[in-house]
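S.K.: sequence and predicted structure below; questions after.
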Amino acid sequence: MKRPLAIIATIFMSLQLWAQNEMPSILPMRERAAIIDQWLEERMEQVLPDLMSREKIDMWIIIAREYNEDPVIETMLPATWLSARRRTILLLYDQGEDKGVERLAVARYNVGKSFTKSWEKEQQPEQWDRLVELIEQRDPQRIAVNRSDHFALADGISATEYQKFMEVLPQQYKDRVVSGENLAVGWLETRTVNEMEVYKDICAIAHRIIAEGFSSNVIKSGETTTDDLVWWYRDRIRELGLTAWFHPSVSIQRADPESFDHLRSFSERPEHQVISPGDLLHLDFGITYLKLNTDTQQHAYVLKSGEIDAPEYLKKALADGNKLQDIFTNEFKEGRTGNEILASAIEQAIKQGLKPTIYTHPIGYHGHGAGPTIGLWDQQEGVPGRGDYRLYYNTAYSIELNNATYIPDWKKEIRIMLEEDAFFDKTGVQYIDGRQTVLHLISSTNKVD
């Protein structure tokens, strides 16, 4: 059944009405739950059948226990379920194009509106026996469970649950059990039209919070530390009724002898550096809203006394970072692997005089989402396994990379580290809420140069 768009459109109207430079409206929890549940039903009806057909899976069995949830089952629970209950078993059976996918919960309860309770404990005390009975009645040829060598998000069945499942499964079905890796990844990575309509607003909220922090209203040069700014961002996210899926980070590049170091920039940033005029600031920042995530890296420049703009060499460095983004996203083609995209983009960037490092990942239900990994900062030659997964339409990515630029005035190399969320479909790659092409400028509040 196709869901009418009127209800969801009415709720979204409040998200669309804001003046330029104002914060988009953020919905109360009840309205968020309504959207999440409606999206889930749409995904069950529109996304799931195509994926099961694509992967030639007759039956998908997802098993999890309370507080040890499979990452996939978390995305299939109703908004009011914050975890699985007891042992929750979901059974999805492809009945064919005409009948669609049957959705059963081998559990004590219906699981929202999506899964119908199909076990009566009072009549059949053993839950596993009921699962076997349902399998035998349907006689599937390929039974997928969430096991994966390469994708943690598709490896959600615990060792105990898998062992028990295989013990109770009749011998004739044991050889029919296959990895649900591609099915699980496909479910997690595929975005719907309605999700993408609202993803624009989620990314806009993230961009607005970043701009608020990168201002003289928050930063007092010569006083505010990078750690002060990090905690301002954490407090602001909470103040808006949102959550962060990782702790933000703020780092400084400046005219000093210190060289850029990847490992230090990712894991060992100084916490109490004082922000001063002439600093190039870098922020890594992400929020979660409506079960979708953002991941953004942007830069700001702290103006020196008498300056009204950033130095030309920093503006040129940012423009080269944007050039690398364009080279990279032009390599996105359906069916190519992450490793193929990475290799081609690096080759093209070097030919054009850039010094690239690319480490892009999918985004959606998870910040570091399911789908093709396109480089890691310390694996620029490719990523075995996750990098061999192919690119599909209707998927979202954090376009994450950096370009190195030598700054003669500073007598050293700097990195413009950019990350913006984007969507890939038949038209190519589009940034969901634009990208940074101009440095944020922060006016000095003192006369120190």
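M.R.: Looks like it came in fine.

S.K.: tell me where the stretch 51-200 of the chain has strands.
M.R.: 59-65, 87-94, 101-106, 116-117, 143-145, 177-179 (DSSP state E, counting those that start in this stretch).

S.K.: of the ones you listed, which approaches residue 425 most closely?
M.R.: strand 101-106 (23.7 Å; CB to CB). Yep, even glycine has a C-beta here, placed from its N, CA and C like the rest.

S.K.: which helices and strands sit right next to that closest one?
M.R.: Under the contact criterion of 3 or more CB pairs under 8 Å, 6 or more residues apart in numbering; DSSP states H and E, strand 101-106 touches helix 48-54, strand 87-94, strand 116-117, helix 127-138.

S.K.: save those as TSV, and put in mean neighbour count and mean pLDDT too.
M.R.: Output for the helices and strands packed on strand 101-106, formatted as TSV (neighbours: other CB atoms under 10 Å; pLDDT from 0 to 100):
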stretch	mean neighbour count	mean pLDDT
helix 48-54	17	97
strand 87-94	23	96
strand 116-117	12	94
helix 127-138	16	97
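
S.K.: select, out of those, the one closest to residue 178.
M.R.: Among the helices and strands packed on strand 101-106, the nearest to residue 178 by CB to CB is helix 48-54 (12.4 Å).

S.K.: that closest one packs against which elements?
M.R.: So helix 48-54, by 3+ CB pairs under 8 Å, 6+ apart, packs with strand 87-94, strand 101-106, helix 181-189.

S.K.: what does that helix contact?
M.R.: Contacting residues not belonging to helix 48-54 are listed as 58, 60, 92, 94, 97, 100-101, 183, 186-187, 190 [CB atoms under 8 Å, 6 or more residues apart in numbering].

S.K.: report the buried members of those residues.
M.R.: 58, 60, 92, 94, 100-101, 183, 186-187, 190 (16 or more other CB atoms under 10 Å).

S.K.: follow-up on the earlier one: can you redo the contacts of helix 48-54 as JSON lines with distance to residue 389?
M.R.: As requested, the contacts of helix 48-54 are exported to JSON lines (distance: CB to CB, whole Å):
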{"residue": "58", "distance to residue 389": "23"}
{"residue": "60", "distance to residue 389": "19"}
{"residue": "92", "distance to residue 389": "22"}
{"residue": "94", "distance to residue 389": "22"}
{"residue": "97", "distance to residue 389": "26"}
{"residue": "100", "distance to residue 389": "27"}
{"residue": "101", "distance to residue 389": "23"}
{"residue": "183", "distance to residue 389": "13"}
{"residue": "186", "distance to residue 389": "10"}
{"residue": "187", "distance to residue 389": "14"}
{"residue": "190", "distance to residue 389": "13"}
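
S.K.: out of those, which is nearest to residue 163?
M.R.: Nearest to residue 163 among the contacts of helix 48-54, counting by CB to CB, is residue 60 at 19.1 Å.

S.K.: right, and that closest one touches residue 182 too?
M.R.: No. Taking contacts as CB atoms under 8 Å, residue 60 lies outside contact range of residue 182: 11.4 Å.

S.K.: now the helices: where do they sit in the stretch 251-400 of the chain?
M.R.: 262-267, 312-329, 338-351 (DSSP state H, counting those that start in this stretch).

S.K.: buried sites along the last one?
M.R.: This means helix 338-351. For helix 338-351, by 16+ other CB under 10 Å, it's 338-346, 348-349.

S.K.: now for that helix, which elements pack on it?
M.R.: By 3+ CB pairs under 8 Å, 6+ apart, helix 338-351 packs against helix 312-329, strand 356-358.

S.K.: before we move on, the earlier item: for residue 406, find the nearest of the strands of the stretch 51-200 of the chain.
M.R.: It is, among these and with distance given as CB to CB, strand 177-179, at 47.1 Å.

S.K.: and whichever strand or helix holds residue 441, which strands flank it?
M.R.: In the assignment (DSSP states H and E), residue 441 maps to strand 440-442. Its sheet considered, strand 440-442 pairs with strand 296-302 (parallel) by DSSP bridges.

S.K.: returning to what we had before: and the strands of the stretch 51-200 of the chain as TSV, adding distance to residue 411?
M.R.: TSV is the format used below for those (distance: least, CB to CB, whole Å):
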stretch	distance to residue 411
strand 59-65	55
strand 87-94	60
strand 101-106	62
strand 116-117	68
strand 143-145	57
strand 177-179	53
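
S.K.: so which of the ones you listed is nearest residue 215?
M.R.: strand 59-65 (43.9 Å).

S.K.: could you give the angle of that closest one to helix 181-189?
M.R.: Strand 59-65 and helix 181-189 meet at an angle of 70 degrees, taking axes from the mean of the first three to the mean of the last three CA atoms, to 10 degrees as the criterion.

S.K.: ok, and what's touching strand 59-65?
M.R.: So strand 59-65 is contacted by 52, 70, 72-73, 76, 84, 86-94, 131, 135, 138, 140, 142-146, 156-158, 161-162, 165, 180, 183 (CB under 8 Å, 6+ apart).

S.K.: which residues touch residue 421?
M.R.: Residue 421 makes contact with 199, 203, 294-296, 363, 396-399, 431-433, according to CB under 8 Å, 6+ apart.

S.K.: please identify the helix or strand for it.
M.R.: Judged by DSSP H and E, residue 421 forms part of strand 412-425.

S.K.: any idea which helix is longest in the protein?
M.R.: In the chain, taking DSSP state H as the definition, the longest helix is helix 193-213.

S.K.: need the next SSE after it, C-terminal direction.
M.R.: helix 226-239.

S.K.: picking up where we left off before, from the buried residues of helix 338-351, which single one is nearest residue 438?
M.R.: Relative to residue 438, and with distances defined as CB to CB, the nearest of the buried residues of helix 338-351 is residue 349, at 21.8 Å.

S.K.: what is the neighbour count of the nearest residue in space to that closest one that is not next to it in sequence?
M.R.: Closest residue to residue 349 apart from its sequence neighbours, by CB to CB, 6 or more residues apart in numbering: residue 356 at 4.1 Å. By the criterion of other CB atoms under 10 Å, residue 356 has 24 neighbours.
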